[in-house]
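J.: Just a sequence and a predicted model for now, questions to come.
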Amino acid sequence: MRVLMFGWEFPPYQAGGLATATVGLVKGLLRQGVAVTLVVPFPVTESPLEGLRLVGVDAPNPGLRVHRVSSTLTPYGGEAAYTEVFQAAARSAGPTQVYGATLFDEVERFAALAGDIAGEEPHDVIDAHDWLTFDAAIAARRVSGKPFVAHIHATEYDRAGDHGNPRILAREAAGLRTADRIISNSHMLKRCCVERFGIEEDRVDVVHWGVDAEVAPIERQAASPLVTNGPGKARRSPVVLFLGRVTWQKGPDYFIDVASQVSQYVPEAHFVVAGSGDMLPHIIRRTAELGIADRVHFTGGLQGADVSRAYRMADVCIMPSVSEPFGLVALESLRHGTPCIVPRNSGVAEVLANAVKVDFWNVNEMTNQVVALLRYPALKAEMSENGVTEVAQPRFGLNEPARNTAMSYQRVTTPIGRNA
């Protein structure tokens, strides 16, 4: 099986969990003997994971080939965010460097190049990740005639609610309706595809994500220089973590409200916001308004070992997303031994038993759960042990999602699969 895959986020170019999910999927597919040609809109110079070799188009192909398409596409930004990137690029680029003037121009340019690549690269199936690459996949299918599988990780409804960009929604709808098959990362997201875009249920396969068991978590931090109880005091202050994009979808404002309430019961607690996004200035101002600016620490976006350190430093992780089609943060947190509070309606809540499930808007209940975990070490230890044990199960690894994805490919590439 040979897959021509279109994506836009891949380490070290990442802004959220999609990069982690894409790396995990590719790594799992390679283990299944599936050859992958990955087309990305930025230069790739080295492998983001040990054991996963990324090579250019002129190098020998060990199973994974990477096409590098120069672009200013940004993973989660809309038109306004793209305009800022474009203007910065225009100021710094040489006379031969040309970028599209709008986000949609870039999407179309990427799609035009995709057709050329599809004519050169042998493949049996086309896989594209989310709306930015759906046009590319459609263009590739037009050239090669191979079936197109749309990988959907989140929709504009998840990112922006009912007032999303109509042009993005139109491209999502076109990609999902054109695809021969759709892979959704949760039943929650599948329902969105069916109800919002009119997709037939039997065209959507649900493949929950997993985490890479081969990447060992670092040891838990015995103490943090960032948060202490004061000079000469050995006991570390309890830490509550938010890790993710600081955007409406991820609910950082709910985290700050929880931090304010938890501070009343556990005044020595500190709160870490690890991430960046358009809501960051508002969140910083909000901490000052609530009088907790001295207890909330902003790290900016983290990558690699710093992400692992953040999980291991924390006593509890909160994922208060307004809409969370899956939520890899929860799996990563539990894997590091850190109890996690997840939205009751999230995709990851469909598969986890040992996470605290709360409605994202219920600040009081989230506060109660955090305070209980901080005040009762035995409860925290039990949740930590059970979480580590659960996430260590094979179904939360990389092989299971890759097998299920390969089965979806088989459904559109074989006569038996198409009739199943």
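T.: Looks like it came in fine.
J.: what about stretch 369-388, start to end distance?
T.: Terminal residues of stretch 369-388 lie 19 Å apart, using Cα to Cα, to the nearest Å.
J.: So what touches it?
T.: Stretch 369-388 is contacted from outside by 238, 240, 258, 262, 265-266, 269, 315-316, 318, 333-335, 337-341, 354-356, 358, using Cβ atoms under 8 Å, 6 or more residues apart in numbering. The way it works is simple: take the backbone N, C-alpha and C, and place the C-beta from them, glycine included.
J.: Keep only those of those residues that are in strands.
T.: Members of the contacts of stretch 369-388 lying in strands (criterion: DSSP state E): 240, 316, 318, 340-341, 356, 358.
J.: bridging residues for the closest residue to residue 295 other than its chain neighbours?
T.: In space, and not counting its chain neighbours, residue 295 is closest to residue 270: 5.3 Å by Cβ to Cβ, 6 or more residues apart in numbering. With beta bridges defined as DSSP bridges, residue 270 has these partners: residue 239.
J.: Residue 270 against residue 297, yeah?
T.: Yes - judged on Cβ atoms under 8 Å, residue 270 makes contact with residue 297 at a distance of 6.5 Å.
J.: The two: which has the busier surroundings?
T.: residue 270 (26 against 16; other Cβ atoms under 10 Å).
J.: how far away is the more buried one from residue 241?
T.: Here the criterion is Cβ to Cβ, to the nearest Å. By it, residue 270 lies 10 Å from residue 241.
J.: Any idea how far stretch 384-395 is from the middle of the chain?
T.: The chain centroid and the centroid of stretch 384-395 are separated by 20 Å, computed with Cα atoms, centre = their mean, to the nearest Å.
J.: Please apply the same query to stretch 244-256.
T.: With Cα atoms, centre = their mean, you get 14 Å for stretch 244-256.
J.: List the contacts of that stretch.
T.: By Cβ under 8 Å, 6+ apart, the list of residues contacting stretch 244-256 from outside reads 15-17, 76, 154, 158-161, 242, 271, 273-280, 282-283, 286-287, 290, 292, 296, 318-324, 329, 343, 360-361, 363, 366.
J.: Tell me which entries of those residues lie within helices.
T.: Applying DSSP state H to the contacts of stretch 244-256, the entries found in helices are 17, 158-160, 280, 282-283, 286-287, 329, 363, 366.
J.: Most neighbours of all those, which one?
T.: residue 329 (29 neighbours).
J.: Look up the closest residue to it, ignoring the ones flanking it.
T.: Here the residue nearest residue 329, using Cβ to Cβ, 6+ apart, is residue 319, at 5.2 Å.
J.: Distance check, the closest residue to residue 154 other than its chain neighbours against residue 184.
T.: Nearest residue to residue 154, sequence neighbours excluded (Cβ to Cβ, 6+ apart): residue 325, at 4.8 Å. Distance, residue 325 to residue 184, using Cβ to Cβ: 8 Å.
J.: How about residue 262?
T.: In terms of Cβ to Cβ, residue 262 sits 34 Å off from residue 184.
J.: And for residue 258?
T.: The value you get for residue 258 to residue 184, if Cβ to Cβ is used, is 29 Å.
J.: next one: residue 284
T.: According to Cβ to Cβ, residue 284 stands 35 Å off from residue 184.
J.: Give me the more crowded residue out of those two.
T.: Neighbours were counted for residue 284 and for residue 184 using other Cβ under 10 Å; residue 184 has more, 27 against 15.
J.: Can you pull the phi/psi pair for the more buried one?
T.: phi -110, psi 150 (degrees, to the nearest 10).
J.: how about the strands of the protein, start to end?
T.: With DSSP E as the criterion, the chain has strands spanning 2-6, 35-40, 64-68, 125-129, 148-152, 181-184, 204-206, 239-243, 270-274, 296-298, 316-318, 340-343, 356-358.
J.: Lowest average confidence across those strands, which one?
T.: Lowest mean pLDDT within those: strand 64-68, at a mean of 53.
J.: Can you select the buried ones from the contacts of stretch 369-388 in ChimeraX?
T.: A single ChimeraX command selects the buried members of these (16 or more other Cβ atoms under 10 Å):
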select :238,240,258,262,266,269,315,316,318,333,334,335,337,338,339,340,341,354,355,356,358
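J.: what stretches of this structure score poorly on pLDDT?
T.: Scanning the chain for pLDDT under 70 picks out the ranges 10-16, 42-101, 214-235, 415-420.
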